[in-house]
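**Student:** Sharing a sequence plus its predicted fold:
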Amino acid sequence: MATIIYTHTDEAPLLATYSFLPIISAYAKTAGVEVETRDISLAGRILAQFPERLTDEQRVDDALAELGRLATTPEANIVKLPNVSASISQLKAAIKELQGQGYDLPDYPDSPQTDEDKDVRARYDKVKGSAVNPVLREGNSDRRAPASVKNYAKAHPHSMGEWSSDSRTSVATMGQEDFRSNEQSVVIEGEDTLSVVHVGSDGTETVLKDGLQVLAGEVVDSTFMSAAALDEFLEAQVARAQADGVLFSAHLKATMMKVSDPIIFGHVVRAYFADVFRQHGEEIAAAGLSANDGLGSIYAGLERLENGAEIRAAFDAALESGPDLAMVDSDKGITNLHVPSDVIIDASMPAMIRTSGHMWNARGEEQDTLAVIPDSSYAGIYQAVIDDCRANGAFDPATMGSVPNVGLMAKAAEEYGSHDKTFEIPAAGTVEVRTSSGDVLTSHQVEAGDIWRACQTKDEPIRDWVKLAVGRARATGAPAVFWLDEGRAHDANLIAKVKEYLTEHDTEGLTIEIMAPTEACAYSLERIRKGEDTISVTGNVLRDYNTDLFPILELGTSAKMLSIVPLMNGGGLFETGAGGSAPKHVQQLVKENYLRWDSLGEFFALAASFEHLAAYDDNARAKILSDTLDRATETFLNEDRSPGRRLGTIDNRGSHFYLALYWAEELAKQTDDADLATAFGSLASTLRESEQTIVEELNAVQGQPADIGGYFRPDPARAEAVMRPSQTFNDALATLG
């Protein structure tokens, strides 16, 4: 029997799976397709690291490693939902919950001293941050808005805040002594094993990383951000925000850049509260509290200190006297600096741009903002959008074009967040990347506290990336623009390869350009204002940024994107959008049994999965399931069956019912398989006749707390009971068996 792997992940997508998966499984079986699950949630990944500490009943397989192997095979067909890219605070919270559920897990060692502590830390480090995607992504990314979603957005344009020509919102970035300006890049001539070595000022050598396997043609980069330059820059931006009367906000990605960005975040916290740390910094550090973990963590820790109230008062005074600080939740007093994972650049910057260039202040009011993005690698694209909006006003979703993306990411390409190659430098000296024979490939003079990092990009994914870009340009007729800057070391090497590999394809009649990111962004903005489409062909980080930036402007959300990863060995990975995992939705469900998560991304990914399986397995019924699901999804959008925003309207569970109804009706109407039409005709009639009863049963549970037995690892029985409250609907689905 053909198989689709559907991933169990985290938070809202996981809860939605308890409702949607029974529908998928029931429909798929009619085509001889088995839908299996694999647990790659944060909790599941943690448990997989410590099998020797768990009972037989508690042990879980390392599903991520299994899927990583599967992704290299032609038969791979994986539907991958969003998962938590855990910050340290999230990781610790998950560990605490699992310990409370009876799992014998060790605490996360912040400062490992013993070999045992170092082993525990190493295991947990495999789990934190963006640990999942690099394992599964054995192909490059094809992300775009499906025609049905784009048409719906044009017919029902979402709200956009007005822009003023005198807006004071802007982006602040370093431009020197940062990752972009210090980057060095080399192309490896032959297969080798590299090492990263710190040479102290006294000549002492310390190996930071060894056994780094590289292949011929691979691009290897290294760079660093100066801590002193960062502090000087941040101090200036705090003063600038106060002088200009705008909000101060920091925009990082502490989840993906899991070593570098929490450190940078800590620098931001210390810069804003400079006087507090000058006066109380030693006491704060002695208490085991770190600015890297955010203001919220420090506040919680101050409660344990004898003079905690005094230090808290100093923080409050600094907030009162300093520049207005952007807020994550004004009502609860949660600032932009409370939690490093709260403000993620690829979501926070588009949201700010969509809201007139404003963020929220402590009074719950919108205000112009100084968006502080320390590294200048891609900060310019956001300034380009701000400049465009200041000059031309807000975009019009009813008329604007689209910017789909072809992203380089296969085999962990450009994984700048890789924690195993990112270091906070302990002492002044030089960091060198060396070949196995001792030759120095790159070298940087560093000071204590500087952040040094390296990354790799293999040649085969670059070649595949170019092929995918040409294919999308050919299929759509839209220009394809490689967002590469010849003035940046890494990009210069990629430009040479792109130019070489373009000659392997027929590009006659196609428009294929290479532009620096800021220029490419301005070019794309000019075209989308005319209603024209432009394919952005980008590296890994810009793939993340662009597949939030443009969809949020075009569609109001990035969760409605079709995200396909054609795996290089022939399989398929189908991602369900770029909308994150919505922790606030889980909080609402627990509080009032209402889940606002929109599963539209799952619908698109599933249709693409069935289509891929049909071609691979020559399964005609799988193709019917795919085609009818596409049509059902279009009806779903036109009938506005996405979850509402208030109690009494349908939530995620109700939206799944309507998708099942429309899908059954489309299957009943299709003429290619009479037996299938008959089976689903009966189900469609039952669902249509029972529509009012089912909706009432689904809505009746709203307004009361819901017990799911855990946040990071819900109890399956309780979660299923919460997410499948309509017995009428459940009984109707069972008739397909």
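**Tutor:** Yep, it's here. Numbers count the residues shown, from 1 in each chain.
**Student:** F315 - nearest residue in space that isn't next to it in sequence?
**Tutor:** Closest residue to F315 in three dimensions, ignoring its sequence neighbours and counting by C-beta to C-beta, 6 or more residues apart in numbering: V276, at 5.6 Å. The way it works is simple: take the backbone N, C-alpha and C, and place the C-beta from them, glycine included.
**Student:** Verify the stated contact: the one you found with E310.
**Tutor:** No - contact criterion C-beta atoms under 8 Å: V276 and E310 do not qualify, at 10.7 Å.
**Student:** Would you mind giving the secondary structure of T7?
**Tutor:** strand (DSSP: H, G, I helix; E, B strand; the rest coil).
**Student:** Now for the closest residue to A63 other than its chain neighbours, how many residues are close by?
**Tutor:** What sits nearest to A63 in space, not counting adjacent residues and going by C-beta to C-beta, 6+ apart, is R38, at 4.0 Å. Per other C-beta atoms under 10 Å, the neighbour tally for R38 reads 20.
**Student:** for the host helix or strand of R38, packing partners?
**Tutor:** For R38, the host element (DSSP states H and E) is strand 33-39. For strand 33-39, the packing partners by 3 or more C-beta pairs under 8 Å, 6 or more residues apart in numbering; DSSP states H and E come out as strand 2-8, helix 11-29, helix 63-70.
**Student:** by contact count, what packs against the longest one?
**Tutor:** The one in question is helix 11-29. strand 2-8, strand 33-39, helix 583-592, helix 600-617, helix 652-669, helix 716-723, helix 727-734.
**Student:** and the residue nearest to F315, what does it touch?
**Tutor:** 311, 314-315, 318 (C-beta atoms under 8 Å, 6 or more residues apart in numbering).
**Student:** Likewise for F273?
**Tutor:** Shown in contact with F273 (C-beta under 8 Å, 6+ apart): 295, 315, 318, 322.
**Student:** from these, which is closest to D544?
**Tutor:** Of all the contacts of F273, L295 has the smallest distance to D544: 25.5 Å, by C-beta to C-beta.
**Student:** so how many other residues sit close to that closest one?
**Tutor:** L295: 21 neighbours (other C-beta under 10 Å).
**Student:** how much space between it and A318?
**Tutor:** 10 Å (C-beta to C-beta, to the nearest Å).
**Student:** helices or strands up against the helix or strand bottoming out on mean pLDDT in the chain?
**Tutor:** Between all helices and strands in the chain, the lowest mean by mean pLDDT, DSSP states H and E belongs to helix 133-136, at a mean of 87. Helix 133-136 sits against helix 63-70, with contacts defined as 3+ C-beta pairs under 8 Å, 6+ apart.
**Student:** just how off-centre is the helix it packs on within its chain?
**Tutor:** Put simply, helix 63-70 sits 20 Å off its chain's centre (C-alpha atoms, centre = their mean, to the nearest Å).
**Student:** Then stretch 541-553?
**Tutor:** Using C-alpha atoms, centre = their mean, the offset of stretch 541-553 from its chain centre is 10 Å.
**Student:** go on, stretch 534-552?
**Tutor:** The mean C-alpha position of stretch 534-552 is separated from the chain mean by 12 Å, C-alpha atoms, centre = their mean.
**Student:** What average pLDDT does that stretch get?
**Tutor:** Stretch 534-552 shows a mean pLDDT of 95.
**Student:** what do you get for stretch 73-91?
**Tutor:** According to the model, stretch 73-91 has a mean pLDDT of 92.
**Student:** Tell me if V431 really is in a strand.
**Tutor:** Yes - counting by three-state DSSP, V431 is found in a strand.
**Student:** for it, what are its contacts?
**Tutor:** V431 neighbours (C-beta under 8 Å, 6+ apart): 196-199, 208, 222, 224, 423, 425, 443-444, 446, 452.
**Student:** 10 Å - rerun?
**Tutor:** The contact partners of V431, taken as C-beta atoms under 10 Å, 6 or more residues apart in numbering, are 196-199, 206, 208, 222, 224, 423, 425, 442-446, 450, 452-454.
**Student:** Look up how far T17 lies from it.
**Tutor:** 44 Å.
**Student:** Can you check what pLDDT the model gives S402?
**Tutor:** Predicted confidence (pLDDT) for S402: 97.
**Student:** hmm, I was thinking of S130
**Tutor:** For S130, pLDDT reads 75.
**Student:** what about it, how many residues close to it?
**Tutor:** Residues within reach of S130, counting by other C-beta under 10 Å, total 22.
**Student:** now do D115
**Tutor:** 8.
**Student:** Quick check on it: phi, psi?
**Tutor:** Per-residue torsions, D115: phi -60, psi -40 (degrees, to the nearest 10).
**Student:** so what's it up against?
**Tutor:** Per C-beta under 10 Å, 6+ apart, neighbours of D115: none.
**Student:** from here on, count from 455
**Tutor:** OK, 455 is where the count begins now, so the last one is D569.
**Student:** Next one: it relative to I542, how far apart?
**Tutor:** Counting by C-beta to C-beta, the gap from D569 to I542 is 22 Å.
**Student:** From the structure, what's the count of residues near A704?
**Tutor:** That count, for A704 with other C-beta under 10 Å as the rule, works out to 28.
**Student:** and the gap between it and D796?
**Tutor:** Here the criterion is C-beta to C-beta. By it, A704 lies 10 Å from D796.
**Student:** Now do the shared contacts for these two.
**Tutor:** 790, 802.
**Student:** thought A725 was touching Q691?
**Tutor:** Yes - with contact defined as C-beta atoms under 10 Å, A725 counts as touching Q691 (7.8 Å).
**Student:** Measure how buried the closest residue to R634 other than its chain neighbours is and give me the count.
**Tutor:** Nearest residue to R634 in three dimensions, chain neighbours excluded: S831, at 4.2 Å (C-beta to C-beta, 6+ apart). Residues near S831, counting by other C-beta under 10 Å, number 23.
**Student:** per-residue confidence at the residue nearest to F769?
**Tutor:** 96.
**Student:** in what helix or strand does it lie?
**Tutor:** Using DSSP H and E, V730 falls in helix 728-740.
**Student:** Run through who's touching the helix or strand just after that helix.
**Tutor:** Going down the chain from helix 728-740, the next helix or strand is helix 749-756, by DSSP H and E. Applying C-beta under 10 Å, 6+ apart, the contact partners of helix 749-756 are 542-543, 546, 723, 726-727, 730, 734, 737-738, 741-745, 747-748, 762-766, 769, 773, 779, 782, 787-794, 796.
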